[in-house]
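**Q** Got a predicted structure plus its sequence, pasted below:
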Amino acid sequence: MKNLLISLGLVLASCASTTPGSVPIDQDGPVYRTVERVLQRTEGYIAQPPGGMELNPEAVEQVEAAIVVARTMLNQPEASGAMLAVTMGGIMDLHDNLVLMALQLGELPDGDLEAQVYLEDTARLRSLFESVNIHASLAR
């Protein structure tokens, strides 16, 4: 039920955008909270990778820079869905890969359920960014 409400909130956020292709960002809203959860988890995995594996330093540097950009975008009243998709793309990919690795290694306390919740966050964000981009292309 909670996931349904969050998904509905993200869809409503995309529909309420003032500019075609933009995502309204309310500091207390579902978009902000979902993006921030993904950013925080990714930072945690960078600090302590699953299984003590070594991450590519260049990739980590790029993701850390993207995290700074994403947080800057979150401080705006709205952001371009396309820019959020580009900025968050690498972050979400790394996030998902590290979640799956942590699951494989048995490092998630609630196992499959926890991994599913984490992966649903990025799936909802991808869907939101895609839907506002489709909305923008239809408005042209």
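**A** Received, thanks.

**Q** Now do the phi/psi pair for Ser22.
**A** Main-chain torsions, Ser22, degrees, to the nearest 10: phi -110, psi 160.

**Q** count of residues packed around the nearest residue to it once chain neighbours are set aside?
**A** What sits nearest to Ser22 in space, not counting adjacent residues and going by CB to CB, 6 or more residues apart in numbering, is Glu78, at 4.5 Å. Quick note: C-beta positions are derived from backbone N, CA and C, even for glycine. Neighbour count of Glu78, defined by other CB atoms under 10 Å: 18.

**Q** From the structure, what's the count of residues near Ser127?
**A** Using other CB under 10 Å, Ser127 is surrounded by 14 other residues.

**Q** Three-state assignment for it, please.
**A** For Ser127, the assignment made with DSSP: H, G, I helix; E, B strand; the rest coil gives helix.

**Q** And the pLDDT at the residue nearest to Ser22?
**A** The model reports Glu78 with a pLDDT of 89.

**Q** tell me the contacts of His95?
**A** His95 sits next to Val38, Arg41, Thr42, Tyr45, Tyr118, Thr122 when contact means CB atoms under 8 Å, 6 or more residues apart in numbering.

**Q** let's go with 6 Å and repeat that
**A** If you count contacts by CB atoms under 6 Å, 6 or more residues apart in numbering, His95 has them with Val38, Arg41, Thr42, Thr122.

**Q** Give me the neighbour count for the nearest residue to Gln76 once chain neighbours are set aside.
**A** Of all residues not flanking Gln76 in the chain, Ile25 sits nearest, at 6.2 Å (CB to CB, 6+ apart). Around Ile25 there are 19 other residues, counting by other CB under 10 Å.
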